[in-house]
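S.K.: Fold the stuff below for me.
(2 chains)
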There are 2 protein chains.
Amino acid sequence: MSADVVTVPVALGDRAYDIRIGAGLIDTIGKSAAGLGARTVAVVTDQNIAALHLDRALRSIANSNLGAAPIVVPAGEATKSFKYLEQAVSGLLDAKIERGDIVVALGGGVVGDLAGFAAAVTRRGVRVVQVPTSLLAQVDSSVGGKTGINTAHGKNLVGAFHQPSLVLADTSTLDTLPDREFRAGYAEVVKYGLIDDAGFFSWLEKHWKGVFAGGEDRVHAIATSCRSKASIVARDEFENGDRALLNLGHTFGHALEAAVGYDGARLVHGEGVAIGLVLAFRFSARLGLTSEEEAERVAAHLKAVGLPTRIADIPGEVGDADRLLELMTQDKKVKAGRLTFILARGIGRSFIAPDVPPQNARDFLDFALKS
Amino acid sequence: MSADVVTVPVALGDRAYDIRIGAGLIDTIGKSAAGLGARTVAVVTDQNIAALHLDRALRSIANSNLGAAPIVVPAGEATKSFKYLEQAVSGLLDAKIERGDIVVALGGGVVGDLAGFAAAVTRRGVRVVQVPTSLLAQVDSSVGGKTGINTAHGKNLVGAFHQPSLVLADTSTLDTLPDREFRAGYAEVVKYGLIDDAGFFSWLEKHWKGVFAGGEDRVHAIATSCRSKASIVARDEFENGDRALLNLGHTFGHALEAAVGYDGARLVHGEGVAIGLVLAFRFSARLGLTSEEEAERVAAHLKAVGLPTRIADIPGEVGDADRLLELMTQDKKVKAGRLTFILARGIGRSFIAPDVPPQNARDFLDFALKS
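M.R.: This next block holds a predicted model:
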């Protein structure tokens, strides 16, 4: 293990925990679980990640003389379903995981959300250690305690707030990540600059090649993202206020993911977010909140790294404005029939707009579908 | 509505709520939901209760000018499953229930546990008002926030802590309850006397006919039970300590329910608890903690009201001691391989015994199966 481990604390009172970021942290799973008092560690992972990292995780657990139970689910967004929730829970009960034991979520966002939710509801709550292996999971989904699955109604409409006891972000796992997936995760990194840190966005414009290459720039980008997320989560754990800022780009993004039926071949989550970020800025510009130039600066950076920025970049049909609006109103961020968007007065100046008239959104979607 | 409504507060800080007990409270559902700021009220109920009380509930909601969405599930323990959880959640999403809205759980323990769990996980948590219509639900399951479903591994192994925003115990619904169900619920009333209130147990020995007949004695028994439960829940919401006392009779009871495959024709929950209470006292006597006389006094009272008190009272086979022990070790109250029982030093003197050797339990079960 590298000596260079950065620790980011998440200040949540009696649910406080650390995010550790560095190369080789998978080898510390067993020691960490033992430190948390577990006797048995269930490792939930997917088939792809199992082939790459499961052996190391199990060896680490065995080295700490703890019982290990691997639970392997298929890779892909479709795994975030009631079917695999039931399967994961059943695996935890088969392994006789008790309240003092630990569930390890070893994988990307899908595994983290599914395993976290399964841990939240098994025996009404067992502890989870998130071991994110994708950039998206390391900078976003593994931190903050949101867990859940999708239904035919939309993404993440079913789930629980269940904070992890620890996050181990092993940056060496990113070396085996497919380019497309790394790039998609990068959209979430950009998001933190757009929310409230214009300096970070400028830094990314200059240093993104370093972030993609690995090393110091990458660790800096991940740690900055985690600090930003930890700060927002600490002041609004249950999304009654500021936490909604993290949904910048997501109201549009989720609707687009739903529109392609969560078909990862056409659109993965981070790509939906990339298009969503641009749409949020263009919508803000159209509403006169920010300039077209700011919106185009956001689009230009995302395009430069190779991310999609327009609805038309998605292969195949996504439906018309009415269909997308319908998918948005089923999104859980609806309040009493009005639409909540995260809009921006400029880069690093995002805010919650709690009652956007649906007609404005519809008109904008119509425009966005044609451009 | 009767003017005689008793209110029992549950002191849980920012999750505090009231239990209202009295005749006719179903007619106040709409007003209560409006007071809580809901726009839409989903009413989850089962087919039996729907025929008896759903119209009144919907009328009350309509009278307060709120939207209403009834979700009707089959009656019976088998409904506490992943299948019906998914169906209930889907119904809530179809009804576009938002975070500010209210889910009403109108029914007995099964509906309360299922609807409460569905509310807990829909949009990561919407509020629930429990409207218990069985004695068991009024004195036990509707209070304290435990929700959940069963799996092949056992009862209530999957769920969430999700406190209701209000409990409306309409005592007039008990008039339509089948005798067997009322009697089963009475086992939970007796439990409160056995845990820490010998005076209440003595009162029940004298007044149980009044409790069964209805009127003042019944309201007193329900309110005393709710106060007892509220007090225990307030000092240990998440079952890290004293709350386990409420499991008196339940470790045995759950194993017996699992042994009959949750077949309500053979054994309903309260009957399992009745046998479990007697077994807990007889086990305590066998371990020299209390006298045989105390155990027989418990058995005599439960038998007097017509409840089963021995494993042999269950029709059909339940398996041998090893099978029952295996079913107990899968129960969630296991800690690191040892068995936790709630035992007693006498009536009203129960305590948590956190490490009973499995062999002692096995020997006792062997004895209990033959007696």
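
S.K.: Could you confirm whether stretch A:339-351 reaches chain B?
M.R.: No - using CB under 8 Å from any CB of the partner chain, stretch A:339-351 never reaches chain B; the gap is at least 10.8 Å. For the C-beta atoms, the positions are set from N, CA and C on the backbone; glycine is no exception.

S.K.: Any buried residues in stretch A:282-296, and which?
M.R.: A:282-286, A:289-290, A:294-296 (16 or more other CB atoms under 10 Å in any protein chain shown).

S.K.: Now render these as JSON lines, adding distance to chain B and secondary structure.
M.R.: Below are those laid out as JSON lines (distance: CB to the nearest CB, whole Å; DSSP: H, G, I helix; E, B strand; the rest coil):
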{"residue": "A:R282", "distance to chain B": "27", "secondary structure": "helix"}
{"residue": "A:F283", "distance to chain B": "22", "secondary structure": "helix"}
{"residue": "A:S284", "distance to chain B": "25", "secondary structure": "helix"}
{"residue": "A:A285", "distance to chain B": "29", "secondary structure": "helix"}
{"residue": "A:R286", "distance to chain B": "27", "secondary structure": "helix"}
{"residue": "A:L289", "distance to chain B": "26", "secondary structure": "coil"}
{"residue": "A:T290", "distance to chain B": "29", "secondary structure": "coil"}
{"residue": "A:E294", "distance to chain B": "32", "secondary structure": "helix"}
{"residue": "A:A295", "distance to chain B": "30", "secondary structure": "helix"}
{"residue": "A:E296", "distance to chain B": "35", "secondary structure": "helix"}
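
S.K.: and chain A, which of its residues are near chain B?
M.R.: A:39, A:82, A:85-86, A:89-90, A:93-94, A:96, A:98-100, A:117, A:120-125, A:146, A:148, A:151-153, A:157-161, A:238-239, A:329-330, A:332, A:334-336.

S.K.: Give the buried subset of those as a PyMOL selection command.
M.R.: Of those, the buried ones go into a single PyMOL selection, burial set by 16+ other CB under 10 Å:
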select buried, chain A and resi 39+82+85+86+89+90+93+96+98+99+117+120+121+122+123+124+125+146+148+151+153+157+158+159+160+161+239+329+330+332+334
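
S.K.: Among the buried residues of stretch A:282-296, list the two that are farthest apart in space.
M.R.: A:L289 and A:E296 (14.8 Å; CB to CB).

S.K.: buried ones in the helix or strand that contains A:P354?
M.R.: Using DSSP states H and E, the element containing A:P354 is strand A:350-356. Residues of strand A:350-356 classed as buried: A:350-353, A:356 (neighbour count, 16+ other CB under 10 Å).

S.K.: Stretch A:179-191 now?
M.R.: A:181-191.

S.K.: Nearest to chain B among the residues you listed?
M.R.: For those, the minimum distance to chain B (CB to the nearest CB) is 19.4 Å, reached by A:E188.

S.K.: In a strand, the closest one, correct?
M.R.: No - remark: A:E188 does not belong to a strand; assigned using DSSP: H, G, I helix; E, B strand; the rest coil, it is helix.

S.K.: Contacts only, for it.
M.R.: Listed by CB atoms under 8 Å, 6 or more residues apart in numbering or on different chains, the contact partners of A:E188 are A:135-136, A:139-140, A:225, A:270, A:273.

S.K.: before we move on, the earlier item: mind putting the buried residues of stretch A:282-296 into TSV with pLDDT?
M.R.: As requested, the buried residues of stretch A:282-296 are arranged in TSV below (pLDDT from 0 to 100):
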residue	pLDDT
A:R282	98
A:F283	97
A:S284	98
A:A285	97
A:R286	96
A:L289	97
A:T290	98
A:E294	97
A:A295	98
A:E296	98
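
S.K.: Out of these, which is nearest to B:K209?
M.R.: For the buried residues of stretch A:282-296, the nearest to B:K209 is A:F283 (69.8 Å; CB to CB).

S.K.: Pull the contacting residues for that closest one.
M.R.: A:F283 touches A:341, A:343, A:361, A:364, A:368, counting by CB under 8 Å, 6+ apart.

S.K.: Return the subset of the residues you listed lying in strands.
M.R.: A:341, A:343 (DSSP state E).

S.K.: Widest-spaced pair of the contacts of A:F283?
M.R.: A:L343 and A:A368 (14.4 Å).

S.K.: Low-confidence regions, the stretch 201-350 of chain A specifically.
M.R.: Scanning the stretch 201-350 of chain A for pLDDT under 70 picks out A:330-337.

S.K.: What segments of the stretch 1-150 of chain A are strands?
M.R.: A:6-10, A:17-22, A:40-46, A:67-73, A:102-107, A:127-132, A:146-151 (DSSP state E, counting those that start in this stretch).

S.K.: for the fourth one, packing partners?
M.R.: Applying 3 or more CB pairs under 8 Å, 6 or more residues apart in numbering or on different chains; DSSP states H and E, one finds that strand A:67-73 contacts strand A:40-46, helix A:55-63, helix A:82-94.

S.K.: okay, those, which one's buried deepest?
M.R.: Greatest average neighbour count among the helices and strands packed on strand A:67-73 goes to strand A:40-46 (a mean of 27), per mean count of other CB atoms under 10 Å in any protein chain shown.

S.K.: Give me the sheet partners of it and which way each runs.
M.R.: strand A:67-73 (parallel), strand A:102-107 (parallel) (DSSP bridges).

S.K.: Can you list the helices and strands that the strand holding A:P354 packs against?
M.R.: Right, strand A:350-356 is packed against helix A:179-196, strand A:339-344 by 3+ CB pairs under 8 Å, 6+ apart.

S.K.: So the residue of the stretch 151-300 of chain A found nearest chain B versus B:G276, what's the distance?
M.R.: Using CB to the nearest CB, the single residue of the stretch 151-300 of chain A nearest to chain B is A:H153, 4.2 Å away. Note on A:H153: its distance to B:G276, by CB to CB, to the nearest Å, is 41 Å.

S.K.: Might you specify the subset of the residues of chain A next to chain B located within helices?
M.R.: A:82, A:85-86, A:89-90, A:93-94, A:117, A:120-121, A:329 (DSSP state H).
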